[in-house]
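Enquirer: Provide a 3D model corresponding to the input given below.
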Amino acid sequence: MLLLEAGRDVPPGSEGAAILDTYPSRAAFDPNNHWPDLKVQTASHLHNRPDAAPYKTYEQARLIGGGSSINGQIANRGTPADYDEWEMLGARGWNWQNVLPYFCRLETDLDYAGPMHGRSGPIPIHRIPREQWPEFSHASARAFNELGFSDIGDMNGRFGDGYAALTLSNNGSHRVSAAMAYLSPETRSRPNLAILTRAQALSLLCDGRLITGVRISREGREKDLIGRQVIVSAGAIHSPALLMRSGIGPAADLRKREIEIMADLPGVGANLQEHPGVSLSAFIRPGLG
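Expert: Numbering: from 1, shown residues only. Alright, predicted model coming up:
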């Protein structure tokens, strides 16, 4: 098995304080952890003036573990209705009852047990306990209570309206990224696993409609790698880009770019959405922090 990573490796024990920190900003905003020159349009624009919206830098992780190595470590699941709707819209097998066992398998929930939670997975799930909340958080909780909202406690098991401490993918002491959880020293020592870093996947190799390998760029040279099975796991931006460069995507878009069509799949590259979020910043009086 060959694992390709476009960025650098971060072997166990060499993550450094910025990645290990439960407060993610130092890792998240370090340009050494990002894809260089990745630009996106985030502003709305008229359909016939796509050039009117400026391109902005988009900070996406480029190192082993991907976003889990630099993100905010928030480990919220979608609601059951989300996944049931996916299946209703055609994603066969992606209903809530089918995905729940995988959520449980990946985690060790340090706070909650029962059928909604895992107890032996590689990713620890942790919530900051109330006794460690700053006074500002206690004041916010009191305000929510006065408005009729209650502390639901477990956002991954209770899906009604309310408030709760964030569900975090760390053990309370440090981050546990996907690389830290799944690429342990024991895993890395397997004779059937090789990790090739700083190797960017350019396109998939096709024999008719059969994927036979991947073309990569490494150290300024391109190389074809052949394999019996190819798994594309390049994130929400690079996965559809890789597929489309390989001729898998909306036929009209591929024709515009003179890419040979291997499979006309209109949904590839469409409907990309960033998760909604509101961040509030303010100076807090001494004693409230």
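Enquirer: Centre-most residue in this structure?
Expert: Centroid-nearest residue in the chain, with CA atoms, centre = their mean: residue 67, separated by 5.2 Å.
Enquirer: contacting residues for it?
Expert: Neighbour list for residue 67: 60, 61, 235 [criterion: CB atoms under 8 Å, 6 or more residues apart in numbering]. For every residue, glycine as well, the C-beta is placed using N, CA and C.
Enquirer: For stretch 30-42, measure first residue to last.
Expert: Stretch 30-42 has an end-to-end distance of 21 Å (CA to CA, to the nearest Å).
Enquirer: Name the residues that touch stretch 240-260?
Expert: With CB under 8 Å, 6+ apart as the test, stretch 240-260 has contacts from 201-204, 206, 232, 234, 261-266, 268-270, 272.
Enquirer: Mind doing that once more with 7 Å?
Expert: 201-204, 206, 232, 234, 261-266, 268-269 (CB atoms under 7 Å, 6 or more residues apart in numbering).
Enquirer: now swap in stretch 108-122 and tell me
Expert: 104-107, 124-127, 154, 156-157, 171, 181-182.
Enquirer: Going by neighbour count, list what's buried in it.
Expert: 108, 109, 112, 117, 118, 121, 122 (16 or more other CB atoms under 10 Å).
Enquirer: do the same with stretch 131-140
Expert: Applying 16+ other CB under 10 Å to stretch 131-140 flags residue 137 as buried.
Enquirer: Convert the C-alpha atoms of that stretch to CSV, please.
Expert: In CSV, the C-alpha atoms belonging to stretch 131-140 read as follows (Å, rounded to 0.1, in the frame of the first residue of the first chain):
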residue,chain,number,x,y,z
GLU,A,131,-15.8,23.8,36.3
GLN,A,132,-13.1,24.9,33.8
TRP,A,133,-15.3,27.4,32.0
PRO,A,134,-14.4,31.1,32.3
GLU,A,135,-16.9,33.4,33.9
PHE,A,136,-17.8,34.8,30.5
SER,A,137,-19.0,31.3,29.4
HIS,A,138,-21.0,30.9,32.7
ALA,A,139,-22.6,34.3,32.0
SER,A,140,-23.4,33.3,28.5
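Enquirer: so what pLDDT did the nearest residue to residue 193 once chain neighbours are set aside get?
Expert: Leaving aside its chain neighbours, residue 193 sits nearest to residue 1 (5.1 Å; criterion: CB to CB, 6 or more residues apart in numbering). Reported pLDDT at residue 1 in the predicted model: 94.
Enquirer: ok, now the one 3 residues further on?
Expert: Per-residue confidence at residue 4 stands at 97 (pLDDT).
Enquirer: ok, and the closest non-adjacent residue to residue 72?
Expert: Distances taken as CB to CB, 6+ apart place residue 24 nearest to residue 72, at 5.1 Å, with adjacent residues excluded.
Enquirer: backbone phi and psi for residue 226, please?
Expert: phi -100, psi 140 (degrees, to the nearest 10).
Enquirer: Cross-check the contact I'm expecting between residue 175 and residue 72.
Expert: No: using CB atoms under 7 Å, residue 175 makes no contact with residue 72, being 10.0 Å away.
Enquirer: The two: who's more crowded?
Expert: For residue 175 versus residue 72, the count of surrounding residues by other CB atoms under 10 Å is larger for residue 175: 26 against 16.
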